[in-house]
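*Asks:* could you work out the structure for the sequence below:
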Amino acid sequence: MNKKSSDPSSLVDQAEHWVVRLASGAITPKEMASFETWLAASPDHRAAFDRERSFWQSLEGHEAVFSSAPTPQRRSPRRSEGRSWMRRYPVRAALGTIAASLALLMAAPDAMIRVRADAMADVGKTRTLALPDGSMAMLDSGAAVAVHFDKGERRIELLRGGAWFDVKHGDARPFRVAALGGVTEDIGTAFEVSQRDETVNVNVTAGVVRVSSPEGGNGRTVRQLGRVRYTRGGPVEGMEPVGAAEIAAWRRGLIIIQNRPIGDAIAEVARYRPGMTINFADTSGTAPVSGVFRTDAPDEALQALANMAGLRVAMLPAGIAVLRR
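*Replies:* This is a model prediction of the structure:
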């Protein structure tokens, strides 16, 4: 390795590299010899390796958070010289176990959404959808919608993620977007509806919409550049207006973070990563962050946010990113 061992951060990176390689089960005999040489080179190397190995082993304690599926049983290692490191350096297969559990966790809800959806956008990409009435919907990363047009109404069900709508007028049927039990009805506009966890945000690019929720009474009228939100079963609440450039900035390939908590910013960027993003860092007390990033470079954005907050990012197999102090 080319990094200098005298650099503490470099030493941590080297130790992390070897832990990940060992846990992968794909390390070659040549790499194994290099690892043993590196480990014997200094007591600092051994100490750094032990610290990093302990951290990865501790991930198994969080496994229940990621999956309700039973943990796959581990097979006993074969008694071969190529795997003798498993006995001498017992790095448990935390990475592989968690990756498998996460895949199981994600598969079921995604399958249900795929059954219901008429259109979906791949993670990290947007998709433009021409609707039957000539209106246009643009789907954000990972978004999914179901389209229900009949004689009485034009209705879009937002199943996941966010979408921006440019509604064609001259059609007597109302145009409505349903999400989490609430409805956004077009009155002559272009607007964005996004669903994050149990909250729906509505941002108006132009014109007027009326947003209602089960607890919102007659609903709330929202005009150009206005913003509202509601939670499942909660009332519609007003938010501070924003500039036109900030509404659905993902349409232009941008992620705009404006004075947001670091945890929220990380979650926003994570939506554009195909792999899972796991944040183990305690970010309480961390100053809010701002920045403009590219939707097609989410890993660079994640690293930039981590640098702002003094966090480390480890990239694991299957595209999993782990953030920690």
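*Asks:* what sits opposite residue 199 in the beta ladder?
*Replies:* residue 196, residue 231 (DSSP bridges).
*Asks:* which ones are touching it?
*Replies:* Going by Cβ atoms under 8 Å, 6 or more residues apart in numbering, residue 199 touches 180, 229-231. Glycine gets a C-beta too; all of them are placed from N, C-alpha and C.
*Asks:* measure it to residue 117 for me?
*Replies:* Using Cβ to Cβ, to the nearest Å, residue 199 is found at 21 Å from residue 117.
*Asks:* same question for residue 44.
*Replies:* To residue 117, residue 44 is 53 Å away according to Cβ to Cβ.
*Asks:* tell me which of those two has more neighbours.
*Replies:* residue 117 (17 against 13; other Cβ atoms under 10 Å).
*Asks:* correct me, but that one touches residue 159?
*Replies:* Yes. Residue 117 is in contact with residue 159 according to Cβ atoms under 8 Å; the separation is 5.7 Å.
*Asks:* identify the contacts common to the two.
*Replies:* 144-146.
*Asks:* where does pLDDT dip in the stretch 51-200 of the chain?
*Replies:* 56-111 (pLDDT under 70).
*Asks:* then the stretch 201-325 of the chain?
*Replies:* For the stretch 201-325 of the chain, the ranges with pLDDT under 70 are 216.
*Asks:* now the longest strand anywhere in the chain, how far from the chain's geometric center?
*Replies:* Identified as the longest strand of the chain according to DSSP state E is strand 154-166. With Cα atoms, centre = their mean, to the nearest Å as the basis, strand 154-166 stands 19 Å off its chain's centre.
*Asks:* which stretches in the stretch 151-300 of the chain count as strands?
*Replies:* Counting by DSSP state E, counting those that start in this stretch, the stretch 151-300 of the chain has strands at residues 154-166, 175-179, 182-186, 190-196, 199-206, 208-212, 220-223, 227-231, 237-239, 254-260, 277-279, 289-294.
*Asks:* what about the closest residue to residue 187 other than its chain neighbours, distance to residue 173?
*Replies:* Of all residues not flanking residue 187 in the chain, residue 208 sits nearest, at 4.3 Å (Cβ to Cβ, 6 or more residues apart in numbering). Applying Cβ to Cβ, the value for residue 208 to residue 173 is 17 Å.
*Asks:* the two: which is more packed in?
*Replies:* Counted by other Cβ under 10 Å, residue 208 and residue 173 do not tie: residue 208 has more neighbours, with 16 against 13.
*Asks:* which residues touch that one?
*Replies:* Residue 208 makes contact with 187-189, 221-224, according to Cβ under 8 Å, 6+ apart.
*Asks:* for the residues you listed, which one is nearest residue 55?
*Replies:* residue 222 (46.6 Å; Cβ to Cβ).
*Asks:* quick one on the thing from earlier: by neighbour count, which of the contacts of residue 199 wins?
*Replies:* Result: residue 230 is most packed of those (other Cβ under 10 Å), 26 neighbours.
*Asks:* check the gap between the spatially closest residue to it that is not a sequence neighbour and residue 202 for me.
*Replies:* Of all residues not flanking residue 230 in the chain, residue 213 sits nearest, at 4.3 Å (Cβ to Cβ, 6+ apart). When distance is defined by Cβ to Cβ, residue 213 is 10 Å away from residue 202.
*Asks:* try residue 305
*Replies:* Counting by Cβ to Cβ, the gap from residue 305 to residue 202 is 26 Å.
*Asks:* same question, residue 302
*Replies:* Separation of residue 302 from residue 202 (Cβ to Cβ) stands at 27 Å.
*Asks:* same check, this time on residue 236
*Replies:* Shown here: residue 236 relative to residue 202, a distance of 8 Å by Cβ to Cβ.
*Asks:* what is in contact with the two at once?
*Replies:* By Cβ under 8 Å, 6+ apart, the residues touching both residue 236 and residue 202 are 211, 228-229.
*Asks:* for the nearest residue to residue 249 once chain neighbours are set aside, grab the count of nearby residues.
*Replies:* On the basis of Cβ to Cβ, 6+ apart, the spatially nearest residue to residue 249 that is not a chain neighbour turns out to be residue 256, at 4.6 Å. Residue neighbour count, defined by other Cβ under 10 Å, stands at 18 for residue 256.
*Asks:* wait, residue 256 sits on residue 246?
*Replies:* Yes. Using Cβ under 8 Å as the test, residue 256 is close enough to residue 246 to be in contact (5.3 Å).
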